[in-house]
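Enquirer: Fold the stuff below for me.
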Amino acid sequence: MDRAIAAETAGLILFELGAAPEHSGLPRPDLSELIYTQYEYIYVSEEVSMPIAGILGPDDLAIGSRGSFTRPPSPQGSSSNRRPALEWNGEVERATAHLYERVRNVIPPVEWPLMAPYVKAINELKAERGAVILAHNYQTPEIFHCVADITGDSLQLAIEASKVQADIIVQCGVHFMAETSKILNPEKRVLIPDSRAGCSLAASITGADVRLLRERFPGVPVVAYVNTSAEVKAEVDICCTSSNALQVVESLDAPTVIFLPDQYLAKYVASQTRVKIIAWTGACEVHERFTGEELRAYRDADPTVQIIAHPECPPDVLAEADFTGSTAHMIKWVRDNRTRRVVMITECSMADNVQAELPDVEMVKPCNLCPHMKRITLQNIFESLLFLREDIVIDPEIAQRARRSVERMINLKH
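Expert: Residues are numbered from 1 along each chain as shown. Model (predicted):
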């Protein structure tokens, strides 16, 4: 289309790619030939759903080659560390019986003898090492319910990580979560059982991208979803999670905010505020695969089913949901409502973890597995504690700058 069509509604400026409308007041790059940018265009007479001011990607900023993820150096523990026998016997059965009660609704009895020896060994090693295990809601039930000391969504884990007294933190989640724990605990040893546990959102943007965004939109504050690297956190004004994204954006008291890297969470926030949102093109590879058509099929099959969705999902998915919220808010919704059947539109293991806690609620699971979260297993948690690997290492200057944006988020009243 040769010309831009713009409309202002609910305080948001919308335009097609190309030159910005003269009255918008926003600097606007020429994005007309860029393949990563998504379009939002309307006619003034039509109702607008989830508008957004613009979505940018790496090509829009003329960035050259993009680095690949590499493991940080990981000092290894002594190979002579005592390795306990990992076999199923009466002692292991007795020692883990109370833990199996927590997960018996989601882990078949035939599988528990394979897990229990690791569960027992991990819990004993934690005590020996003076370690604490933090586990995200997407971890599998045997990890979440049987070895973790602290569980929650990204915001809960960040808050609790800032309070941890233990000398060693084992982060059962993806790499950016472990980095966040290290940022908040620079003097502590933070381990991740497999540093290859990455994140499509964190991989979608770099610190260089943020610096170029600031050049393109001078004076506009930058909010980073916590699903970003330490390098990115060091370049932004404040972090947020899906639990507090709206609160963080409005706390800046600015007419326009750059929100990165999740384009779908940005669209959801834009639908809830009068602040103009400039977004990045990142997406969660788990949540972006859900479709509204898929959800309508579940509702057609059972009109009584309740659908709850994560705001990282595309707008057509959220339009079909009965409730939209972060993982913590989704769990609270199920606890509070106790509906007979629930479709939880997020990563598979969270439905299992809720099912273990609330066996009377039937969890219909059209879920998608996160391949990165599933890199964390009982076996590599055990080896992480045994050999004290793999260490999270962050450049001190980057960590110091990143700490400011993370702590600013944590210090907001929740």
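Enquirer: From here on, just use CA atoms for contacts and neighbour counts.
Expert: Will do.
Enquirer: so where's the protein uncertain?
Expert: 1-54, 58-81, 366, 413-414 (pLDDT under 70).
Enquirer: My guess is residue 363 contacts residue 341. True?
Expert: Yes. Contact criterion Cα atoms under 8 Å: residue 363 and residue 341 qualify, at 6.0 Å.
Enquirer: the more surrounded of the two?
Expert: residue 363 (21 against 17; other Cα atoms under 10 Å).
Enquirer: Report whether that one is found in a helix, as I expect.
Expert: No. Applying DSSP: H, G, I helix; E, B strand; the rest coil, one finds residue 363 to be strand, outside a helix.
Enquirer: out of everything not next to it in sequence, what's closest to it?
Expert: Excluding the flanking residues, the one nearest residue 363 by Cα to Cα, 6 or more residues apart in numbering is residue 342, at 5.1 Å.
Enquirer: Name the residues linked to the one you found by a beta bridge.
Expert: Following DSSP bridges, residue 342 is listed with bridge partners residue 306, residue 363.
Enquirer: so it touches residue 304, yeah?
Expert: No. Between residue 342 and residue 304 there is no contact, the gap being 9.2 Å when judged by Cα under 8 Å.
Enquirer: what about residue 276, distance to residue 254?
Expert: Distance of residue 276 to residue 254, given as Cα to Cα, to the nearest Å: 9 Å.
Enquirer: same question, residue 84
Expert: 57 Å.
Enquirer: again with residue 169
Expert: For residue 169, the distance to residue 254 - Cα to Cα - is 37 Å.
Enquirer: Compare neighbour counts for these two and give me the winner.
Expert: Shown here are residue 169 and residue 254; by other Cα under 10 Å, residue 169 has more neighbours (26 against 13).
Enquirer: How about that one, nearest residue that isn't a chain neighbour?
Expert: Nearest to residue 169 is residue 190, by Cα to Cα, 6+ apart, at 4.7 Å.
Enquirer: what does residue 367 give?
Expert: residue 348 (4.8 Å).
Enquirer: what's near enough to touch the residue nearest to residue 169?
Expert: By Cα atoms under 8 Å, 6 or more residues apart in numbering, the contact set of residue 190 is 168, 169, 170, 171, 178, 181, 182, 391, 392.
Enquirer: How far off centre is the host helix or strand of it?
Expert: Counting by DSSP states H and E, the element that carries residue 190 is strand 189-191. Distance of strand 189-191 from the chain centroid (Cα atoms, centre = their mean, to the nearest Å) equals 20 Å.
Enquirer: what's the next secondary structure element after that strand?
Expert: helix 207-216.
Enquirer: What are the phi and psi values at residue 105?
Expert: phi -70, psi -20 (degrees, to the nearest 10).
Enquirer: Counting neighbours, what do you get for it?
Expert: Residue 105 has 16 nearby residues by other Cα under 10 Å.
Enquirer: Which residue, neighbours along the chain excluded, lies closest to the spatially most central residue of the chain?
Expert: The centroid of the chain falls nearest to residue 227 when counting by Cα atoms, centre = their mean (5.2 Å). Excluding the flanking residues, the one nearest residue 227 by Cα to Cα, 6+ apart is residue 202, at 5.4 Å.
Enquirer: on that earlier part again, tabulate the contacts of residue 190 (JSON lines), appending secondary structure.
Expert: What follows is the contacts of residue 190, written out as JSON lines (three-state DSSP):
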{"residue": "168", "secondary structure": "strand"}
{"residue": "169", "secondary structure": "strand"}
{"residue": "170", "secondary structure": "strand"}
{"residue": "171", "secondary structure": "strand"}
{"residue": "178", "secondary structure": "helix"}
{"residue": "181", "secondary structure": "helix"}
{"residue": "182", "secondary structure": "helix"}
{"residue": "391", "secondary structure": "strand"}
{"residue": "392", "secondary structure": "coil"}
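Enquirer: Among those residues, find me the one that's closest to residue 263.
Expert: Of all the contacts of residue 190, residue 263 sits closest to residue 178, with 23.3 Å by Cα to Cα.
Enquirer: Next, the contact list for the closest one, please.
Expert: Applying Cα under 8 Å, 6+ apart, the residues near residue 178 are 171, 190, 191, 192, 392.
Enquirer: Just to check, residue 162 is in contact with residue 183?
Expert: No. The criterion here is Cα under 8 Å, and residue 162 misses it with residue 183 at 9.2 Å.
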